[in-house]
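In: below are the sequence and a predicted model; questions follow.
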Amino acid sequence: MIPREVESTKSITKKLIGRVFAYYLLLTLVFTLIQVFVHCMDGQKYDLPLVILGATVKSAAIWLIFLFFTQKLLGRPLADLTRAIEKIDLDTLDQADIEIKTSAGGEIRFLEESFNTMIGKLREARMKLVDKKKTEEILRISEENYRNIFDSVNDAIFVLDIETGTLLEVNRRMREMFGYEEADEAEILRLDIDDLSLGIPPYTSRDAMRSIAKAARGEPQLIEWRAKHRSGRIFWVEVSMLKTVIRGNVRMLSVIRDIENKKMMEDDLLNTKKMEAIGVLAGGIAHDYNNLLAVIMGNVELVKSKIEPSDPCRNYLQKTMSAAKLAEELTKKLIAFSSGESSVKRTFQVDDLVKSSVSLALSGSNVHCEFSFPDDLWSINVDFSQMTQAIANIVHNSREAMQDGGLLKVSAENTELHSGWKATGLELKRKRFVKITIRDQGSGVSAEHLPSIFEPYFSTKERGADRGIGLGLPIAYSIIRKHNGQIDVESLPGKGTVVIVYLPGVEEKVEEKKAPGRKMPEQDVLPFGPGKWRPLNILVMDDEEMVRETIREILEQIGHRSVPVGHGAEAIELYFDAMKSGQFFDAVFLDLTIKDGMGGIETITKLKDMNPGVIAFVCSGYSDDPVMKKFEEFGFSGAFTKPFSKEEIEKVLERVFICPT
């Protein structure tokens, strides 16, 4: 493309040539008029064509003479100038021969110098134009790279006015995160910070502007924020604010990262840790409480056995025993919730386990249940009694929410979960899960109370021994999590509640339930004949003196002797001394857990080394401990839990020491 100045120079040159030709015609006309005038003055006739021809010849002769003498002065410079002008183009400006040599002087020299000056200026203009194009191309590439990076990052980016907080620019991820389309760009830029936030302190535009002001002073900000989706959904984000320069303007750059899953994991971890801590505390309290209950219930039974049936005091003792029984049930719940609880897992069909649990929880109510289980449902590997209790607790809550009756829908299905699943607290060691859904028509749970439903002792119901204790759902939560499962609750007031339980699915065959076989203790001679009962000499080990004394008195009442000791080392020493003297102990009662001493497991191991035929019974306040459930595998002949009754101690002895008739 030829610049405007070059085109103008060419036009001027053409006009100059045209004017020279016009002068030639004018001179011819002058000569013609002179000839006509001369002939008229002489009174001579004239032939006009001949006159014009003569004038033309004379003009031509004069012009030839003029051109001959002016060729060197004007013609050649003009020709050089014309050729130079014809060469002018953006691609030839750098060539040296485009400039012309100047004449000796006069106006032609001035014209030539002006031309050469113009060429110099054109070269400068061309360089500026080239530089401008290069700059524009660099800027275009830079803008394109900026936009590619801006839209390719996985975090939302806001560019804001540093003074007002007005949105100036957003990236693709922002639109995705907040539920907008690319066509909504104009609408997005009209949004206020409150439109994208929870809008309640400390998540308002005023709070945001305080952080923006700090960032504007050069203090980078990193805050957690409650953001609002276009649909109204509230979610957690992490906002990083930094003052920066974009396209020459000082702006506030806000990088926003969705941390909803992270917050769920943190909340879940915090809740798990809290539950574990409370569980450990609850288990310890329950264990100590069981020791006290053992003393209370044992002594009540001892007193009852010493007074007449008609004695009015028996009624008070019976009420005391009833209260102790309720306390015993409470300690069982505490132990079930405790992190010290252990599981004995087997493979079960989901429908059988769930139906059994639901039937147990709905017994005697006016709530009806509708089941839905597919034929190809995977099995689950669980502790039957614990999982039955967990499901029953959930159903019991639904029952309490439907005081006037209603329909409970229980279904199950196979599902595969991935690592990005919303319940991020779940350890996805496997992808296959059985999803159990329990849907009721109850009163529902308010948004205010929903986050607290798994907290121990939280209840919106009346307080009492039978209802409103607040341990049902925490126990269910604890059991399900210990089975590597997850429990979620969705509820709205007046709309009912949906509880969803995820349990790892297995394709193993269901184990047949068989009554465990019982090995008779190894001994040379049974101390009893069929149906006979003789006094036994029993070594009693327990770290609580009151418990030892209660067991001693119960044993004495049913006709046996006992020697109490406080820890395992003392029990081993007495047992060894008795063996040396030939006064064997017929049986040993061992407390499973001894504070600051040798417990039941270590003690039975050492006693077995001394006497493989030793008959020992394990006792503990932890009824669900695997030792209590599989005592034979640990070398014990029987087990009984605290608190215990006289009848329970009698039965555990009878199973071993009285032969069947």
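Out: Arrived safely, thanks for sending.
In: enumerate every residue touching residue 604.
Out: Shown in contact with residue 604 (Cβ atoms under 8 Å, 6 or more residues apart in numbering): 588, 590, 614, 616, 618, 634-636. (Glycine included, C-beta is placed from N, CA and C.)
In: ok, so of those residues, who is nearest residue 400?
Out: When the contacts of residue 604 are compared for distance to residue 400 (Cβ to Cβ), residue 618 wins out at 37.2 Å.
In: can you report how many residues lie near the closest one?
Out: Taking other Cβ atoms under 10 Å as the neighbour definition, residue 618 ends up with a count of 26.
In: so what's it up against?
Out: 590, 592, 600, 604, 627-628, 631, 634, 636, 638-639.
In: where is pLDDT lowest across those?
Out: Minimum pLDDT for the contacts of residue 618 is recorded at residue 628 (84).
In: quick check: that residue touching residue 617?
Out: No - the criterion here is Cβ atoms under 8 Å, and residue 628 misses it with residue 617 at 10.9 Å.
In: which SSE is the residue most central in space within the chain in?
Out: What sits nearest the mean C-alpha location of the chain, by Cα atoms, centre = their mean, is residue 261, with 1.0 Å. In this structure, residue 261 is located in helix 260-306 according to DSSP states H and E.
In: what's the following helix or strand after that helix?
Out: Downstream of helix 260-306, the first helix or strand assigned by DSSP H and E is helix 313-337.
In: quick one: that next one to helix 260-306, angle?
Out: Helix 313-337 and helix 260-306 meet at an angle of 160 degrees, taking axes from the mean of the first three to the mean of the last three Cα atoms, to 10 degrees as the criterion.
In: for helix 313-337, packing partners?
Out: Contacts of helix 313-337 with other secondary structure elements, assessed using 3 or more Cβ pairs under 8 Å, 6 or more residues apart in numbering; DSSP states H and E, are made with helix 260-306, helix 472-482.
In: and the last one, what does it pack onto?
Out: Identification of packing neighbours for helix 472-482 by 3+ Cβ pairs under 8 Å, 6+ apart yields helix 260-306, helix 313-337, helix 384-401, strand 486-492.
In: wait, which of those is closest to residue 479?
Out: helix 384-401 (4.1 Å).
In: what mean pLDDT would you report for that closest one?
Out: Computed over helix 384-401, the mean pLDDT rounds to 88.
In: after it, which helix or strand is next?
Out: In the C-terminal direction, the helix or strand that comes right after helix 384-401 (DSSP H and E) is strand 406-416.
In: out of the contacts of residue 604, which sit inside strands?
Out: With strands defined by DSSP state E, the entries of the contacts of residue 604 inside them are 588, 590, 616, 618.
In: if we can go back for a sec, closest to residue 579 out of the helices and strands packed on helix 313-337?
Out: In this view, the helices and strands packed on helix 313-337 are compared for proximity to residue 579 by Cβ to Cβ, and helix 260-306 is the closest at 29.2 Å.
In: angle of that closest one against strand 486-492?
Out: With the same axes, to 10 degrees defining the directions, helix 260-306 sits at 100 degrees from strand 486-492.
In: just to revisit the earlier point, residue 628 and residue 617: which has the busier surroundings?
Out: Neighbours were counted for residue 628 and for residue 617 using other Cβ under 10 Å; residue 617 has more, 23 against 20.
In: of the contacts of residue 618, which is the most crowded?
Out: For the contacts of residue 618, neighbours were counted using other Cβ under 10 Å, and residue 600 has the most, 29 neighbours in all.
In: please name the nearest non-neighbouring residue to it.
Out: Using Cβ to Cβ, 6 or more residues apart in numbering and skipping the chain neighbours, the partner closest in space to residue 600 is residue 590 (3.9 Å).
In: the one you found is in contact with residue 575, isn't it?
Out: No - judged on Cβ under 8 Å, residue 590 makes no contact with residue 575 at a distance of 10.8 Å.
In: next one: residue 207 relative to residue 201, how far apart?
Out: The gap separating residue 207 from residue 201 is 6 Å, by Cβ to Cβ, to the nearest Å.
In: so for these two, which sits in the more crowded spot?
Out: Set side by side, residue 207 and residue 201 show unequal neighbour counts under other Cβ under 10 Å, the larger going to residue 207 at 16 against 8.
In: the helix or strand harbouring that one - contacts with which helices or strands?
Out: Assigned by DSSP H and E, residue 207 belongs to helix 205-216. Counting contacts by 3+ Cβ pairs under 8 Å, 6+ apart, helix 205-216 packs against strand 221-228, strand 234-246, strand 249-258.
In: picking that back up, which residues are in contact with the residue nearest to residue 600?
Out: If a contact means Cβ under 8 Å, 6+ apart, then residue 590 has 541, 568, 571, 599-600, 603-604, 616-619, 636 as its contacts.
In: equivalent analysis for residue 557, please.
Out: 302, 305, 646.
In: wait, what's in contact with the second one?
Out: Counting by Cβ under 8 Å, 6+ apart, residue 305 touches 557, 646.
In: gap between it and residue 538?
Out: Here residue 305 is placed at a distance of 19 Å from residue 538 (Cβ to Cβ).
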